[in-house]
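A.B. asks: predicted model and sequence below, questions to follow.
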Amino acid sequence: GGPSRCVGASSDASTNITINNIAIIDSDSNNNITENKHNQAVTMNKFLSLVVALLAICQATAFMGTPIRSAAPAFAPKQNGAASMEMRARVCDLLGKKPNRQARVVTFSHRRIKKVQAVNLQWKRFYSDSLDRNVRLRLSTKGIKTVNKLGGIDAAAKKFEVDLSKF
């Protein structure tokens with residue numbers, strides 16, 4: 001782009017002005033003005049599409065660099081104690097019994113108070129013949145009675161379709 005300049009400045013009907021290689025012609029005919037505005041619009045559209053394409057490329061390549069290292073290492077050794085505690089839902093591993101959250105207490109004055117009826121869960125260790133090792137499950141007391149009735153954890157797991165290898 002060269003400097004701005006005025007060419008042929010006169011008081012007549014037509015004046016030519018060139019600003020940064022864009023010609024604006026003020027004349028009696030509207031064809032030159034509409035053609036010039038159309039050229040400017042096409043140039044602006046091409047410029048905007050180039051900017052959008054560059055932004056898309058920048059965003060796509062931003063994730064291809066070196067990955068950000070997370071705080072936890074890829075291989076974490078198993079820890080003992082409180083550091084290895086994992087919060088689990090209070091659900092029986094065998095029967096799937098969950099707390100009843102729709103229970104109500106009706107007082108003497110007939111007020112209705114919502115309460116949760118929790119499941120009586122116990123940690124219990126059983127020997128699995130199919131895995132040839134002990135499995136430690138969190139069972140409800142009804143689940144423990146079911147295991148005893150069916151004759152072992154393997155038969156109960158088969159009946160309720162529980163994968164003992166996860167425990």
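C.D. replies: Perfect, I can see it now.
A.B. asks: contacting residues for residue 119?
C.D. replies: 90-92, 97-99, 140 (Cβ atoms under 8 Å, 6 or more residues apart in numbering). (Each C-beta comes from the backbone N, C-alpha and C, glycine too.)
A.B. asks: please apply the same query to residue 167.
C.D. replies: The neighbourhood of residue 167, defined by Cβ under 8 Å, 6+ apart, consists of 93, 135-137.
A.B. asks: which of those residues lies closest to residue 144?
C.D. replies: Nearest to residue 144 among the contacts of residue 167, counting by Cβ to Cβ, is residue 137 at 9.2 Å.
A.B. asks: does the closest one touch residue 122 like I think?
C.D. replies: No. Counting by Cβ atoms under 8 Å, residue 137 does not reach residue 122; the two are 9.2 Å apart.
A.B. asks: the more surrounded of those two?
C.D. replies: Shown here are residue 137 and residue 122; by other Cβ atoms under 10 Å, residue 137 has more neighbours (22 against 13).
A.B. asks: which stretches of the protein have low pLDDT?
C.D. replies: Scanning the chain for pLDDT under 70 picks out the ranges 1-33, 58, 60-79.
A.B. asks: just give me the neighbour total for residue 141.
C.D. replies: Number of residues near residue 141 (other Cβ under 10 Å) recorded here: 14.
A.B. asks: pretty sure it sits against residue 97.
C.D. replies: No. The pair residue 141 / residue 97 is not scored as a contact, 9.8 Å apart, by Cβ under 8 Å.
A.B. asks: mind checking the end-to-end distance for stretch 80-87?
C.D. replies: With Cα to Cα, to the nearest Å as the measure, stretch 80-87 spans 15 Å from end to end.
A.B. asks: give me the beta-bridge partners of residue 122?
C.D. replies: Beta-bridge partners for residue 122, by DSSP bridges, are residue 139.
A.B. asks: what's near enough to touch it?
C.D. replies: Taking Cβ under 8 Å, 6+ apart, we find residue 122 in contact with 138-141, 144.
A.B. asks: got these as CSV, with distance to residue 154 columns?
C.D. replies: Putting these into CSV (distance: Cβ to Cβ, whole Å) gives the following:
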residue, distance to residue 154
138, 18
139, 14
140, 19
141, 20
144, 15
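A.B. asks: sorry, back to before: just the contacts of residue 167 now: which is nearest residue 50?
C.D. replies: For the contacts of residue 167, the nearest to residue 50 is residue 93 (59.7 Å; Cβ to Cβ).
A.B. asks: strands along the chain, start to end?
C.D. replies: Secondary structure of the chain, counting by DSSP state E: strands at 5-7, 15-19, 22-26, 100-106, 112-117, 121-128, 133-140.
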